[in-house]
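In: dropping a prediction and its sequence here:
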Amino acid sequence: MYVAEVPNRSSPPTFLLRESYREQGKVKNRTLANITHLSRQQIQLLRRVLKGEELVSVEDAVRIRRSIPHGHVQAVREMLDRLGLPGLIASRRCRERDLVLALIVQRLLHPSSKLAATRLWSDSTVAQEFEVADADVDELYEAMDWLLSRQQRIENKLACRHLSEGGYVLYDVSSSSYTGHRCSLARFGHNRDGRRDLPCIVYGVMTDSGGRPLAVDVYPGNTANPTTVPDQVEKLKGRFRPGEGRDRRRPGDAHADSNRHVAKTAGAGLAVVSAK
C-alpha cells in the first residue's frame with residue numbers, strides 16, 4: 001500500500017490510499033480509501049508507516065531529567081527591558097553589561113553574595129539568558145568596578161529622563177551597619193540601625209518628585225548629614241542641569257539641612273524645602 005497524491009487544477013490535491021497488485025503478469029493499482037480529509041501531518045505519518053518506518057511517541061523518545069525554572073527570570077528580564085535599564089547601563093551590549101544585568105536579576109530573585117550568585121545560577125535560567133554561565137566571582141567583581149566607572153553617565157541619563165524644568169528633587173540620608181573588616185568607609189557614627197556595636201556606612205539618595213532614584217553617594221560612617229548636601233548641590237547646578245535659569249527646588253532631609261548648608265544651596269540658585 002502507498003499514499004498517492006492526485007493534483008487538481010485549481011483545488012487542493014486529493015490523497016488516496018492505494019494498493020498495487022498483479023493480474024495476469026501486469027501490475028495494477030486499486031484505490032482503497034480517499035484520505036483527503038486527514039491533515040497533512042497525519043498523511044505524512046501514514047506514508048512513513050507504510051514505508052516500514054517505526055514511529056515512537058514523544059513520551060517514549062524524550063526523557064525529562066531536569067526542568068530548570070524560567071518563568072520568574074523571564075518576568076524580571078521583561079520588566080528591565082520595559083524600564084530601559086540595559087540602555088541606561090550601557091548603550092551597547094557587552095560582557096560587563098550582561099554580567100551586571102544577571103546580578104541585578106539574581107539579586108531580585110534571590111539576594112545573595114557574588115560568590116553565592118554564581119552557584120545559584122544553576123538553579124534557574126539567569127546564566128543562560130545573559131550568556132554568563134562561565135563567569136566566576138572575580139569576573140563579577142570586575143564587572144562591579146566597571147559599573148562604578150559608569151556611575152556618572154548612568155546618573156546623567158536618569159536625570160535627563162526624569163527631571164523637568166521647575167521640578168522637585170528629593171534627598172535623604174541613611175546608613176547601614178557593616179559586619180566585615182575590610183571596608184575603608186565603615187566607621188563608628190550615627191547608626192540608624194540602632195547597632196552601636198557595629199560600624200556603619202552612610203549613603204545619600206537623590207530622587208525625582210515621584211521617588212525614582214537619580215543618584216546615590218556613599219560616605220564614611222562618621223560623616224555628618226549636613227556635610228553631604230554640597231555634593232547634591234553640585235550635581236543639580238552642574239551635571240543635572242537641563243536648562244539655565246531653571247527653578248530647581250530641593251526638598252531636603254531635616255537632619256541633613258543646616259543654616260550654613262541651606263545658604264550654600266540658595267547661593268547656587270536652588271530653593272530648599274526642608275522637613276522639620
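Out: Everything's here; your move.

In: grab the longest helix from this protein for me.
Out: In the chain, assigned by DSSP state H, the helix with the most residues is helix 95-109.

In: next SSE downstream of that helix?
Out: Next in sequence after helix 95-109, counting helices and strands by DSSP states H and E, comes helix 114-120.

In: check which helices and strands the longest helix of the chain is in contact with.
Out: helix 71-83, helix 85-89, helix 114-120, helix 126-130, helix 137-149 (3 or more CB pairs under 8 Å, 6 or more residues apart in numbering; DSSP states H and E). (Glycine included, C-beta is placed from N, CA and C.)

In: distance of Leu109 relative to Tyr171?
Out: 30 Å (CB to CB, to the nearest Å).

In: would you mind giving the helices and strands packed on helix 95-109 as TSV with distance to Ile35 added?
Out: Converted to TSV, the helices and strands packed on helix 95-109 look like this (distance: least, CB to CB, whole Å):
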stretch	distance to Ile35
helix 71-83	41
helix 85-89	52
helix 114-120	54
helix 126-130	43
helix 137-149	59
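
In: need the winner for burial among the ones you listed.
Out: Highest mean neighbour count of the helices and strands packed on helix 95-109: helix 126-130, a mean of 22 (counted as mean count of other CB atoms under 10 Å).

In: if we can go back for a sec, who's more crowded, Leu109 and Tyr171?
Out: Tyr171 (25 against 17; other CB atoms under 10 Å).

In: tally of neighbours for the closest residue in space to the more buried one that isn't next to it in sequence?
Out: Distances taken as CB to CB, 6 or more residues apart in numbering put Met206 closest to Tyr171, at 4.9 Å, once the chain neighbours are dropped. Using other CB under 10 Å, Met206 is surrounded by 22 other residues.

In: least trustworthy helix or strand in this protein by mean pLDDT?
Out: Across the helices and strands of the chain, the lowest-confidence element by mean pLDDT, DSSP states H and E is strand 248-252, at a mean of 53.

In: need the pLDDT of the residue nearest to Tyr171.
Out: Met206 is assigned a pLDDT of 93 by the prediction.

In: ok, Thr125 touching Ser67?
Out: No. When contacts are counted by CB atoms under 8 Å, Thr125 is not listed as touching Ser67 (10.6 Å).

In: so the two - more neighbours on which side?
Out: Set Thr125 next to Ser67 and count neighbours by other CB under 10 Å: Thr125 wins out with 19 against 6.

In: residues contacting that one?
Out: Contacts for Thr125 (CB atoms under 8 Å, 6 or more residues apart in numbering) come out as 68-70, 73-74.

In: nearest to Lys114 among these?
Out: Val73 (18.3 Å; CB to CB).

In: so how far is Asp123 from that closest one?
Out: Per CB to CB, Val73 is found 10 Å from Asp123.

In: picking up where we left off before, what would the contacts of Thr125 look like in a markdown table with pLDDT and distance to Ser164?
Out: Output for those, formatted as a markdown table (pLDDT from 0 to 100; distance: CB to CB, whole Å):
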| residue | pLDDT | distance to Ser164 |
| --- | --- | --- |
| Ile68 | 86 | 44 |
| Pro69 | 88 | 41 |
| His70 | 91 | 39 |
| Val73 | 94 | 35 |
| Gln74 | 94 | 33 |
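
In: turn those residues into TSV, including distance to Leu236.
Out: Formatted as TSV, the contacts of Thr125 follow (distance: CB to CB, whole Å):
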residue	distance to Leu236
Ile68	46
Pro69	44
His70	43
Val73	38
Gln74	38
